[in-house]
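Novice: Compute the structure for the input listed below.
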Amino acid sequence: MADLFESPPVPDNAPRPLADRLRPRTLAEVIGQQKVIGPEGPLGVMLASHSLGSLVFWGPPGVGKTTIARLLADETDMHFVQISAIFTGVPELRKVFDAAKHRRQNGQGTLLFVDEIHRFNKAQQDGFLPHMEDGTILLVGATTENPSFELNAALLSRAQVLVLERLTLGELELLAQRAEKELARALPLDGPAREALLEMSDGDGRALLNLIEQVAAWKVEGKLGIDQLTTRLMRRAAQHDKSGESHYNLISALHKSVRGSDPDAALYWFARMLEGGEDPRFLARRITRMAVEDIGLADPQAQAVCLQGWETYQRLGSPEGELALAQAVVYLALAPKSNAVYGAYKAARKAAKATGSVSPPKHILNAPTALMKDLGYSDGYSYDHSAEDAFSGQDYFPESMGRTVFYEPVERGFERDLKKRVDYFNNLRAKRQQTKG
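Specialist: Alright, predicted model coming up:
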């Protein structure tokens, strides 16, 4: 039976991209990912103990997911089959499984590499399970999205998730040197331009090799500087998926930098999101949320600054209006911090849920009818403006609940003054209770 999804052989003299020519032939040749493939890494340990199981590689593009999967098949003498979830439907999957069963009957295992595995829906993902369990296939999936959100729990329980990281500048330099050896010539770049080229790849080895291939084809004399390089090459956009893992990672970094009172880090993550194509209106919404969650009444002006920045952006648009949002980010980072109201609100919601439909105390209920008066509604209510200091000190909580403290202001910013007010009314309340006693 002929193998399906097998590419026809490529003639030796056919042109091949640099990335393909430099594809490692052994795991030892792979640059980077030593935490995963090194002797003490999970893959190294599996191979040494001859106990390779199904895997999911999670990481950004161009870090070696496909290459490592192919080399794993070589290391374990398994037949390598590669499919993409984007182009493969249920009929094609059936053919893959049938071919794998035939191979298994002939004594050979199949390592099925599924690129973009998160693109398969739940039913398609479930379709892998019986073939994984009976040993028909050893599944190696690759995804740039967080598997916790994108893959079924049943599939994840049968596969180990390994995180592959973007390549460091040092690792990219090793890759560049390997490319120069293959090309038999050095890149026509001075030191700063060479470093800029590495940074343009944004940790993506495949992207770097594509850029090197372009630069190597230029007919130039001497070495080019940064200005000449950036004029000839478009800088690669930083990775940022506006609905995926990167999106949530960056907004989390921005929020925590603001909470940590670091305006420089906050501006950096704010700029990273804008460079990645994030909608500034989303950022305006989120920084306003930061104002009410992490600053609160320690600086009531913070919320107004955010709303003004948001309105300014709405009027000016991009890029001019983005400066108003940047000002709000800096203001928030330097503002005194308090989550006292945020914590009090959550505690009050929890108490409200726990106490259900308990009624307010009768003395603060209106009594518009005679029957309600007879039932004690409004009986004993004290009008605060008639009391000394315009404060009666009555208990406004349900009788079955008793007085509860939710809001505890901090000794920072404007909440320092609010704490004095809370303490003032607490002292008055205690005096009133003593008088009544």
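Novice: Okay, now the unreliable bits of the stretch 151-300 of the chain?
Specialist: For the stretch 151-300 of the chain, the stretches with pLDDT under 70 are 234-247.
Novice: which residues in it form helices?
Specialist: Secondary structure of the stretch 151-300 of the chain (DSSP state H, counting those that start in this stretch): helices located at 153-156, 169-183, 191-200, 205-216, 226-232, 245-259, 263-275, 280-290.
Novice: which of the ones you listed sits most buried?
Specialist: helix 205-216 (a mean of 20; mean count of other Cβ atoms under 10 Å). Just so you know, the C-beta spots here come from the backbone N, C-alpha and C atoms, and that holds for glycine as well.
Novice: what is the orientation angle of that helix with helix 191-200?
Specialist: 140 degrees (axes from the mean of the first three to the mean of the last three Cα atoms, to 10 degrees).
Novice: by contact count, what packs against helix 205-216?
Specialist: Taking 3 or more Cβ pairs under 8 Å, 6 or more residues apart in numbering; DSSP states H and E as contact, the helices and strands that helix 205-216 lies on are helix 18-21, helix 169-183, helix 191-200.
Novice: can we see that at 6 Å?
Specialist: helix 18-21, helix 169-183 (3 or more Cβ pairs under 6 Å, 6 or more residues apart in numbering; DSSP states H and E).
Novice: And the strands in the stretch 1-150 of the chain, which stretches?
Specialist: With DSSP state E, counting those that start in this stretch as the definition, the stretch 1-150 of the chain shows strands at residue ranges 55-58, 79-84, 110-115, 138-143.
Novice: ok, residues contacting the second one?
Specialist: Think strand 79-84. Residues outside strand 79-84 that contact it (Cβ atoms under 6 Å, 6 or more residues apart in numbering) are Phe5, Arg70, Ala73, Arg103, Gln108, Thr110, Leu111, Leu112, Phe113, Val114, Asp115, Glu116.
Novice: and with 10 Å instead?
Specialist: Residues outside strand 79-84 that contact it (Cβ atoms under 10 Å, 6 or more residues apart in numbering) are 3-7, 66, 69-74, 92-93, 96, 99-100, 103-104, 108-117, 119, 137, 140, 142.
Novice: tell me the average confidence for it?
Specialist: Here strand 79-84 scores 95 as its mean pLDDT.
Novice: Check which residues of that strand are buried.
Specialist: His79, Phe80, Val81, Gln82, Ile83 (16 or more other Cβ atoms under 10 Å).
Novice: Using CSV, write down the CA coordinates of that strand.
Specialist: The C-alpha trace of strand 79-84 is given here as CSV (Å, rounded to 0.1, in the frame of the first residue of the first chain):
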residue,chain,number,x,y,z
HIS,A,79,7.5,6.7,9.6
PHE,A,80,7.1,10.4,9.6
VAL,A,81,3.8,11.8,8.3
GLN,A,82,3.1,15.6,8.3
ILE,A,83,-0.3,17.2,7.9
SER,A,84,-1.7,20.6,8.6
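Novice: Pairing partners for it, with directions?
Specialist: Neighbouring strands of strand 79-84 in its sheet, by DSSP bridges, are strand 110-115 (parallel).
Novice: can you state the direction angle for the strand it pairs with and strand 138-143?
Specialist: Per the same axes, to 10 degrees, the angle that strand 110-115 makes with strand 138-143 is 10 degrees.
Novice: Next, the buried residues of strand 110-115.
Specialist: Thr110, Leu111, Leu112, Phe113, Val114, Asp115.
Novice: Correct me if wrong: Thr88 contacts Gln124.
Specialist: Yes - Thr88 is within contact range of Gln124, at 8.7 Å (criterion: Cβ atoms under 10 Å).
Novice: What segments of the stretch 301-437 of the chain are strands?
Specialist: Taking DSSP E, counting those that start in this stretch as the criterion, the stretch 301-437 of the chain carries no strands.
Novice: Residue ranges in it under the pLDDT threshold?
Specialist: Using pLDDT under 70, the stretch 301-437 of the chain drops low at 436-437.
Novice: care to break the chain down by domain?
Specialist: 18-163, 169-232, 245-334, 359-436 (automatic domain parsing).
Novice: just so I know, which of the ones you listed lies nearest Lys346?
Specialist: domain 359-436 (8.9 Å; Cβ to Cβ).
Novice: next one: the closest one to chain centre, how far?
Specialist: Taking Cα atoms, centre = their mean, to the nearest Å, the mean C-alpha location of domain 359-436 is offset from the chain mean by 45 Å.
Novice: try stretch 423-437
Specialist: 50 Å.
Novice: before we move on, back to that, between Thr88 and Gln124, what contacts are shared?
Specialist: In contact with both Thr88 and Gln124: Val114, using Cβ under 10 Å, 6+ apart.
Novice: picking that back up, tabulate the helices and strands packed on helix 205-216 (CSV), appending distance to Asp227.
Specialist: Below are the helices and strands packed on helix 205-216 laid out as CSV (distance: least, Cβ to Cβ, whole Å):
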stretch, distance to Asp227
helix 18-21, 25
helix 169-183, 20
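Novice: of those, which approaches Ala266 most closely?
Specialist: Between the helices and strands packed on helix 205-216, helix 169-183 lies closest to Ala266; by Cβ to Cβ that is 24.6 Å.
Novice: Type out the PyMOL command that picks the buried ones from the contacts of strand 79-84.
Specialist: Of the contacts of strand 79-84, the buried ones can be selected in PyMOL as follows, counting by 16+ other Cβ under 10 Å:
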select buried, resi 66+69+70+71+72+73+93+96+99+100+103+104+109+110+111+112+113+114+115+116+117+119+137+140+142
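Novice: Neighbours of the closest residue to Phe397 other than its chain neighbours, how many?
Specialist: Once flanking residues are discounted, Phe397 sits nearest to Arg403: 5.2 Å by Cβ to Cβ, 6 or more residues apart in numbering. Neighbours of Arg403 under the rule other Cβ atoms under 10 Å: 8.
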